[in-house]
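> with the sequence up front, the predicted model follows.
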Amino acid sequence: MISLRRIVLLLVLAATVVGYATPLTDLFNERLKSVVAVEFFVQDEIERHPVSVLGTVVDANGTIILPGASILPGIPPGQLKDFKVYRPGSVEPSNAIYLGQDALTGWHFIRVEEKLRSQLVPVSRYEAVAADPGLSDELWGIGLRNKDEDFLPYFLSARVALVTKLPQKTAVLATEVAGPGLPVFDSAGRLAGIAQTSFGQNYLLFSHTQNAAPILLINVEESSVVLLADEVLPNLGRIPQSVTGRPIAWFGAYGLQPIDPEVAKLLKLEHQPGVVLSDLMEGSPAIQAGLKERDIVLALDGQPLPRLKPDRVVAGYFGQELLRRHPGESVVLTISRDGVRQEIKVKLGDEPKMVREADRHYFERLGFTAREFLATDGIVNRIKLSEQQGVVVQFVKPGGPAGTAGLRPDDWVREIEGEEIKTYEQALNKLTQLESEKTRAEFVLLVSRGGETSVLRVKLK
């Protein structure tokens with residue numbers, strides 16, 4: 001943790017650095033108007049969990065973006081409560097509403113109430129850097145202390161160690177340069193990008209009693225990873241149309257892998273990046289267009305896939321390019337199948353129901369939440385559409401009857417008290433009946449987990 005004395009020292013040093021047309025203290029104080037701290041609660045089945053993150057102001061309407069990692073996947077928007085926005089150095093909150101998550105960028109969008117908007121400056125108003133930063137270029141950014149220190153802002157700076165595509169253009173700096181989700185600038189105050197959730201760093205932990213053990217440390221308060229301005233600015237307006245993030249373009253291939261080098265050599269594709277398709281969902285746009293497992297995508301709408309390192313990054317590039325489209329749009333894929341190239345036109349669909357949209361119900365006495373079985377659950381469990389049935393466990397109460405019996409989140413419940421469960425409604429009725437039988441001492445579940453099936457005896461008394 002950085003000391004208050006070091007904060008003051010850094011700001012004094014920043015103001016005296018030679019070569020800055022505008023003193024950094026002036027730039028720092030002005031750029032503070034584009035950053036905020038955000039607090040909210042996640043209301044699960046039994047308690048409220050406080051969350052504190054950092055955000056960047058993106059427009060004059062008080063719209064703020066939060067990092068994708070701020071909210072765990074699968075949490076329904078209805079469980080996100082009481083958003084509060086704080087200016088740096090202030091403990092006076094302003095209310096905000098949740099707008100949803102953008103599927104392409106992963107950003108969560110919120111909008112603060114009008115009374116605070118005049119005190120904020122959208123980051124888009126600042127001039128952006130004209131070119132990607134070069135190696136050893138110095139960038140600077142802002143960090144915010146915790147609420148008990150009034151979200152006190154402090155100055156960070158670092159030099160660029162690497163610029164690469166992951167698949168977006170990203171700068172990796174030698175040390176931390178800003179809080180995750182906050183803007184990063186060059187010496188003239190031009191926008192260089194937005195700090196991302198930091199990479200983990202590997203260390204060896206030594207002790208007197210045992211050999212060194214590898215550990216992974218992640219700095220959750222500061223980041224050395226910056227998504228560059230060229231990738232940020234075009235997407236600041238991607239405010240979701242709904243809290244669920246819909247509409248979301250759907251392709252239907254859930255396994256995207258780079259070509260194996262040996263396979264590429266055999267097919268004479270050593271110099272052509274490609275993405276191997278697998279886990280194609282029945283009835284998906286990919287299947288309807290005639291695509292097959294192990295087809296290799298070489299180009300999208302006539303543009304060859306780029307060569308990116310490591311090879312797996314090209315799969316992320318392909319997935320993101322599809323997310324830039326809208327349901328109903330068509331794309332033309334150039335593929336290689338059995339060594340023969342061909343073009344296939346795919347009309348994208350609308351993403352099937354997501355976990356955060358799924359119907360669910362918490363059974364307090366039983367100690368768990370059951371949700372409906374989704375199409376993506378069929379992919380995870382590798383079962384055909386015609387065989388998809390039962391319900392999935394979404395939440396298990398610690399120390400409750402189901403948890404004590406060994407039930408876990410994501411377990412697939414296939415039978416309840418020996419009755420095969422085909423629909424969510426059937427499971428709801430059966431579990432509601434069990435919940436209401438106050439004299440019942442136990443019940444039995446048949447569940448699948450990781451391809452293995454087991455019987456769990458849940459004791460209620």
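Sure, I can see it.

> from now on I want contacts and neighbour counts done on CA atoms only, so please keep to that.
Noted.

> domain ranges for this protein?
What automatic domain parsing lists as the domains of the chain is 1-244, 249-350, 358-459.

> mind listing what the most centrally placed residue in the chain touches?
Centroid-nearest residue in the chain: Gly68, 3.9 Å away (criterion: C-alpha atoms, centre = their mean). Each residue near Gly68 by C-alpha atoms under 8 Å, 6 or more residues apart in numbering is listed here: 101, 105-108.

> tell me how far it lies from Tyr362.
With the distance defined as C-alpha to C-alpha, to the nearest Å, Gly68 ends up 27 Å from Tyr362.

> same thing with Val38?
As judged by C-alpha to C-alpha, Val38 and Tyr362 stand 29 Å apart.

> go on, Glu39?
26 Å.

> ditto for Asn429
Using C-alpha to C-alpha, Asn429 is found at 13 Å from Tyr362.

> over to Leu428?
Leu428 is 10 Å from Tyr362, by C-alpha to C-alpha.

> buried stuff in the longest strand that the chain contains?
Secondary structure of the chain per DSSP state E: the longest strand is strand 153-165. Neighbour-count burial for strand 153-165 flags 153-161, 163, 165 (criterion: 16 or more other C-alpha atoms under 10 Å).

> let me have those in a markdown table, extended by distance to Phe373 and pLDDT.
Output for those, formatted as a markdown table (distance: C-alpha to C-alpha, whole Å; pLDDT from 0 to 100):
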| residue | distance to Phe373 | pLDDT |
| --- | --- | --- |
| Pro153 | 46 | 97 |
| Tyr154 | 47 | 96 |
| Phe155 | 48 | 97 |
| Leu156 | 47 | 97 |
| Ser157 | 48 | 96 |
| Ala158 | 47 | 97 |
| Arg159 | 48 | 97 |
| Val160 | 46 | 97 |
| Ala161 | 46 | 96 |
| Val163 | 42 | 95 |
| Lys165 | 36 | 93 |
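
> point out where this structure drops to low pLDDT.
The chain contains residues with pLDDT under 70 at 1-21, 210.

> 80 instead?
1-22, 198-213, 215-219, 386 (pLDDT under 80).

> give me the number of residues near Ser436?
A count of nearby residues for Ser436, using other C-alpha atoms under 10 Å, gives 11.

> brain fart, Ser386
With other C-alpha under 10 Å as criterion, Ser386 counts 8.

> doesn't it fall inside a strand?
No - going by DSSP: H, G, I helix; E, B strand; the rest coil, the assignment for Ser386 is helix, not a strand.

> please tell me how far it sits from Glu282.
10 Å.

> Ile97 too?
Ile97 is 37 Å from Glu282, by C-alpha to C-alpha.

> go on, Arg371?
On the measure of C-alpha to C-alpha, Arg371 and Glu282 end up 22 Å apart.

> show me which of the two is the more surrounded one.
Taking neighbours as other C-alpha under 10 Å, Arg371 and Glu282 compare with Arg371 leading, 23 against 17.

> can you give me the helices for the protein?
4-16, 24-31, 114-117, 229-232, 261-266, 285-288, 313-323, 375-381, 401-405, 424-436 (DSSP state H).

> these: which one's closest to Gln342?
helix 285-288 (14.7 Å; C-alpha to C-alpha).

> now do that closest one: distance to the chain's middle.
Between the centre of helix 285-288 and the centre of its chain there are 26 Å (C-alpha atoms, centre = their mean, to the nearest Å).

> what does stretch 153-165 rub up against?
By C-alpha under 8 Å, 6+ apart, stretch 153-165 touches 7, 10-11, 28, 32, 88-89, 133-145, 169-178, 308-309.

> for it, the distance to its chain's centre please.
22 Å.

> ok, now stretch 275-283?
Between the centre of stretch 275-283 and the centre of its chain there are 22 Å (C-alpha atoms, centre = their mean).

> Lys265 and Ile259, how far apart?
Lys265 is 10 Å from Ile259, by C-alpha to C-alpha.

> wait, Ala286
19 Å.

> which residues does stretch 324-332 contact?
Outside stretch 324-332, the residues that reach it (C-alpha under 8 Å, 6+ apart) are 104, 247-250, 300-302, 343-350.
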